[in-house]
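>>> 3D, please:
(one chain, ligands or ions: 2)
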Amino acid sequence: MSEIEEIVQGVLAGDRRSIAKAITVIENNPEKARRIIASIYPHTGKAHVIGVTGPGGSGKSTLIEKIIREYRRRGKTVGVVAVDPTSPFTGGAFLGDRIRMQELSVDEGVFIRSMATRNYLGGIARATKDAVKVLDASGRDVVIVETVGAGQSEVEIIKVAQTIVVVFAPGLGDEIQAIKAGVMEIGDIFVVNKADRENVDKSVMDIRAMLQLSNKEQAWTPPVLKTIALTGDGVAKLIEKIEEHRRFLEREAGREKAREKAETELVEAIKEKVASLMIEELEKEGEFESYLQKILRREIDPMSAAEKILKKKLGGC
Ligand SMILES: Nc1nc2c(ncn2[C@@H]2O[C@H](COP(=O)(O)OP(=O)(O)O)[C@@H](O)[C@H]2O)c(=O)[nH]1
Ligand SMILES: [Mg+2]
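Ligands and ions are numbered 1, 2, ... in the order given. Next up, the predicted model:
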C-alpha cells in the first residue's frame, strides 16, 4: 500500500493518527493533498460543519470547549480546526485554558488541530477546507472551525461551514464595528458572550438592529443569544439553535445554500487550476517574466495582459 493509500484508509477508519498525518500532508504537500482529498471526497458531506468567528478575545475558544463538551454529552464525536494564533488550541492564551484543552484532547471522540498561521502553498483557506474534509470523512459528527473574523481570507475560510456562529463580547467597541461589516451577512447565529459583564443587553440590541438594517428577505432569521462561556451558561440553548439551523438546512431553502456552496467551490477550483496551468505554461518560455516586466514598465495593464495570454494559449476565446 502506498503512503497515501495508507493515510486514506486510516482516515476513513477514523484513526486519529492518520487524521493528523493527513492534515500535515495538506499543510506541506499540495500535490499529495489533492490525491488524499480526491480519494476521501465521496465519504464527505456527512458531518455538520460549524464555523465560529468573531473578534479576538470574545471567547470563541472557551465557547468551543463548552460546545465540544455538550456534543460529547449527547454522544456525538467532534473535530476542531483552529486558525487562530492566540488560540489555546495553538498554544496561545492562558495556562488554565490550555490545560482544559489538553483534557479534552485525551478523549478519543474529540480531535483538535490548529493550523499554523503561515503562508501555505495554495493558501490557508484551501488548507483549512481540506482539513475539514478529512475530519468529515473520518466520521466526525460535528466539525468546528475557529477563525478570528477580520480579513477577507478569514471570511473565505469560514464559508466552508454550513452554520456560522459569530461571537461578540460586550464593550469591544471599535473592534466590533470593524468586524461587523464583514460578518453580519454571513452569520447564521449571533452570540454575545461574556454575559456576566455589563452592557450585554445593549450589545444584543445593537446586533439585532444591524441585522434588521440588512432587511433581506430571509428564510432563516439569525437569532442573537447570550452566553457565559466560562461557566457554560447559554451553551445548551446555543446548541439547540445550531441543531435547529441544521434541520433548516436539510429542508428546501438549505439545499439551495448547499448548491451555492458547491458552485463557489467549483468556480474557485477552476480558477486555481487554470491559473496554475497558465502560469506553468508561461514560465516554460520565460514569458511570465516578460509580461511582468511590461506591466512594471506600464506598457500593459494586468487585465489586458491576462486577456492576451489567454487568447494566445487557448486560441482566441
Ligand atoms: N468574564 C468572562 N470571560 C470570558 C468568558 N469567555 C471567555 N472569557 C475569557 O476571555 C479571554 C479570551 O477567551 P478566548 O476563548 O481565548 O477568546 P477568543 O480569542 O475569542 O478565542 C480568556 O481569558 C477567557 O477566559 C465569559 O463568558 N466571561
Ligand atoms: Mg481563540
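>>> where are the low-confidence patches of the protein?
Screening the chain residue by residue with the criterion pLDDT under 70, one finds the ranges 84-102, 116-122, 149-153, 172-182, 214-217, 253-254, 316-317.
>>> ok, now which ones touch residue 197?
The contact partners of residue 197, by CB atoms under 8 Å, 6 or more residues apart in numbering, come to 169-171. In short, each C-beta sits where N, CA and C put it, glycine included.
>>> try 6 Å this time
Listed by CB atoms under 6 Å, 6 or more residues apart in numbering, the contact set of residue 197 reads residue 170.
>>> use 610 as the first number for this chain going forward.
Sure thing, new numbering starts at 610, so read that last one as residue 806.
>>> would it count as being in a strand?
No: according to DSSP: H, G, I helix; E, B strand; the rest coil, residue 806 belongs to no strand; its state is coil.
>>> list the contacts for the residue of the stretch 810-926 of the chain at minimum distance from ligand 1?
Shortest the stretch 810-926 of the chain-to-ligand 1 distance, computed as CB to the nearest ligand atom: residue-wise this is residue 838, at 3.5 Å. Contact criterion CB under 6 Å, 6+ apart gives 668, 671-672, 675, 802 as the residues in contact with residue 838.
>>> ok, now with 10 Å
Under the criterion of CB atoms under 10 Å, 6 or more residues apart in numbering, the neighbours of residue 838 are 667-676, 776, 778, 800, 802-805, 844, 847.
>>> all helices of the protein, in order?
Counting by DSSP state H, the chain has helices at residues 612-621, 625-637, 639-649, 669-682, 704-715, 732-746, 761-767, 783-792, 809-823, 844-859, 861-893, 896-905, 911-923.
>>> quick revisit: just the buried ones from the contacts of residue 838?
Taking 16 or more other CB atoms under 10 Å as the criterion, what is buried in these is 667-676, 776, 778, 800, 802-804, 844, 847.
>>> also near ligand 2: which of these, exactly?
On the criterion CB under 5 Å from the ion, 669-670 are the entries of those that sit beside ligand 2.
>>> near ligand 1 too, which of the buried ones among the contacts of residue 838?
Of the residues in those, proximity to ligand 1 by CB under 6 Å from any ligand atom holds for 667-671, 802-803.
>>> for those, work out which two are farthest apart.
By the measure CB to CB, 670 and 803 form the most distant pair in those, at 13.2 Å.
>>> rewinding a little: format the helices of the chain as TSV; extra columns: distance to residue 724.
TSV is the format used below for the helices of the chain (distance: least, CB to CB, whole Å):
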stretch	distance to residue 724
helix 612-621	17
helix 625-637	7
helix 639-649	13
helix 669-682	14
helix 704-715	16
helix 732-746	6
helix 761-767	9
helix 783-792	20
helix 809-823	28
helix 844-859	22
helix 861-893	18
helix 896-905	30
helix 911-923	30
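>>> quick one, which of the ones you listed gets closest to residue 660.
Closest approach to residue 660 among the helices of the chain is made by helix 761-767 (4.0 Å; CB to CB).
>>> how far does that closest one sit from the chain's center?
Relative to the mean C-alpha coordinate of its chain, helix 761-767 is positioned 7 Å out (CA atoms, centre = their mean, to the nearest Å).
>>> and that helix, which residues are buried?
763-767.
>>> which one of the residues you listed sits closest to ligand 2?
Comparing those against ligand 2 with CB to the ion picks out residue 763 as the nearest, at 12.2 Å.
>>> the closest one and residue 905: what is the separation?
Between residue 763 and residue 905 the computed distance is 31 Å (CB to CB, to the nearest Å).
>>> out of the ones next to ligand 1 among the buried ones among the contacts of residue 838, the closest to ligand 2 would be?
Set against ligand 2, the nearest of those by CB to the ion is residue 670 (3.4 Å).
>>> so the closest one touches residue 691, yeah?
Yes: with contact taken as CB atoms under 10 Å, residue 670 and residue 691 are classed as touching, separated by 7.2 Å.
>>> of the buried residues of helix 761-767, list those near ligand 1.
Filtering the buried residues of helix 761-767 for neighbours of ligand 1 using CB under 6 Å from any ligand atom leaves an empty set.
>>> just put the residues you listed in a markdown table and tack on distance to ligand 2.
Below are the buried residues of helix 761-767 laid out as a markdown table (distance: CB to the ion, whole Å):
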| residue | distance to ligand 2 |
| --- | --- |
| 763 | 12 |
| 764 | 17 |
| 765 | 18 |
| 766 | 14 |
| 767 | 13 |
